[in-house]
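Trainee: I'll drop the sequence and a predicted model, then ask my questions.
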Amino acid sequence: MSSTGEEVARIAEMLPAPDSRDAVVIRAEGIRKSFGDNLVLDGIDLVVHGRETLVIIGPSGSGKSTLLRCINLLEPLDSGRIWLEGEEITRKGVDVSGVRQQIGIVFQQFNLFPHLRAIDNVTLAARRIKRMPRAEAERRALELLARVGVAEKAHQYPQQLSGGQQQRVAIARALMMEPHVMLFDEVTSALDPELVGEVLIVMRDLALAGMTMLVVTHEMQFAREVGDRVLFMDEGRLVEQGAPADVLDRPKEERTRRFLRRSLQMAHSLEDLTITEAIEEREGFE
């Protein structure tokens, strides 16, 4: 059985060379976004450094998902600017497709094409956008599917997979484009509780491998164990941010304290599990 360190090393081999921890990978200034009369983001300023895992928490409707969608250019800004590795990506005439190849995003809903096998879902964008030859794309896709623990499901269709397996295929699909940053938008919210750990372990291993990540989640134990920094949002504003222990155990703001009092904690630690062990543990109860 492989150790966590071995799993992380294999994942790191498949990622682009990570940015320096001193490098500013994402910078946002004055982000404002409304939907009709509803102000969703109210002047957000944000800096994310290389290899950092920034965990964003907050109540539903606080603007967390919209912030990720703005960073990925899925939503246009009303005002403000965003930079990726020093290049402004909100400027007029930017190559939106090129930006999205560098900023991978995984959603709460898996968004896999139901008529395509897992391996075809993973290779589709690389073959069409990057013009990667089929044989090369399928070789890399199989390696990625193995790294997220679903290599044996490569030739099955989404409806033949569990929710956790579908979500791990979606993560492999995002990694296929060799992004410099990964965004995770409440990726475990639609999963049965027993499947959540499988996905969180893959995300933990990505963080350990050096991927820069912004993670919107309600999984507080993940925030505590994997996050380098926790940011609390409410009503479109950044209320509080800091080291996980400071924000989760010693919040300065009353609004943060109220939110955390109502939040459920994960029952088990992720620290020592590998993705293989998590799957075996679940299957032992089936």
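Mentor: Looks like it arrived, so ask away. Numbering: from 1, shown residues only.
Trainee: what does the helix or strand in which Ile31 is found rub up against?
Mentor: Counting by DSSP states H and E, the element that carries Ile31 is strand 24-35. Outside strand 24-35, the residues that touch it by CB atoms under 8 Å, 6 or more residues apart in numbering are 19, 39-50, 52, 63, 66-67, 70-71, 75, 77-86, 180-181, 212, 214. (Glycine included, C-beta is placed from N, CA and C.)
Trainee: Quick check on those residues: which are buried?
Mentor: Buried subset of these (neighbour count, 16 or more other CB atoms under 10 Å): 19, 39-41, 44, 46, 48-50, 52, 63, 66-67, 70-71, 75, 77, 80, 82-85, 180-181, 212, 214.
Trainee: out of these, which are inside strands?
Mentor: Counting by DSSP state E, the buried ones among the contacts of strand 24-35 place 39-41, 44, 46, 48-49, 80, 82-84, 181, 212, 214 in strands.
Trainee: Can you tell me how far Leu206 is from Pro179?
Mentor: With distances taken as CB to CB, to the nearest Å, Leu206 is found 11 Å from Pro179.
Trainee: These two: who's more crowded?
Mentor: Comparing Leu206 with Pro179 by neighbour count (other CB atoms under 10 Å), the higher total belongs to Leu206, at 25 against 19.
Trainee: Give the helix, strand or coil label for the residue most central in space within the chain.
Mentor: By CA atoms, centre = their mean, the mean C-alpha position of the chain lies nearest to Phe184, the distance being 2.4 Å. Under DSSP: H, G, I helix; E, B strand; the rest coil, Phe184 falls in the strand class.
Trainee: go on, Leu54?
Mentor: Assigned with three-state DSSP, Leu54 falls in the strand class.
Trainee: so what pLDDT did it get?
Mentor: Leu54 is assigned 98 on the pLDDT scale.
Trainee: now Ile11
Mentor: pLDDT at Ile11 comes out at 83.
Trainee: Could you say which helix or strand holds it?
Mentor: Going by DSSP H and E, Ile11 is part of helix 4-13.
Trainee: Restricting to C-alpha, output that helix in PDB.
Mentor: Presented in PDB, the C-alpha positions along helix 4-13 are these (Å, rounded to 0.1, in the frame of the first residue of the first chain):
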ATOM      1  CA  THR A   4       0.700   9.600   1.600                       C
ATOM      2  CA  GLY A   5       4.200  10.900   0.700                       C
ATOM      3  CA  GLU A   6       4.400   8.500  -2.300                       C
ATOM      4  CA  GLU A   7       0.900   9.500  -3.500                       C
ATOM      5  CA  VAL A   8       1.800  13.200  -3.300                       C
ATOM      6  CA  ALA A   9       5.100  12.700  -5.100                       C
ATOM      7  CA  ARG A  10       3.300  11.000  -8.000                       C
ATOM      8  CA  ILE A  11       0.800  13.800  -8.200                       C
ATOM      9  CA  ALA A  12       3.600  16.400  -8.100                       C
ATOM     10  CA  GLU A  13       5.200  14.800 -11.100                       C
END
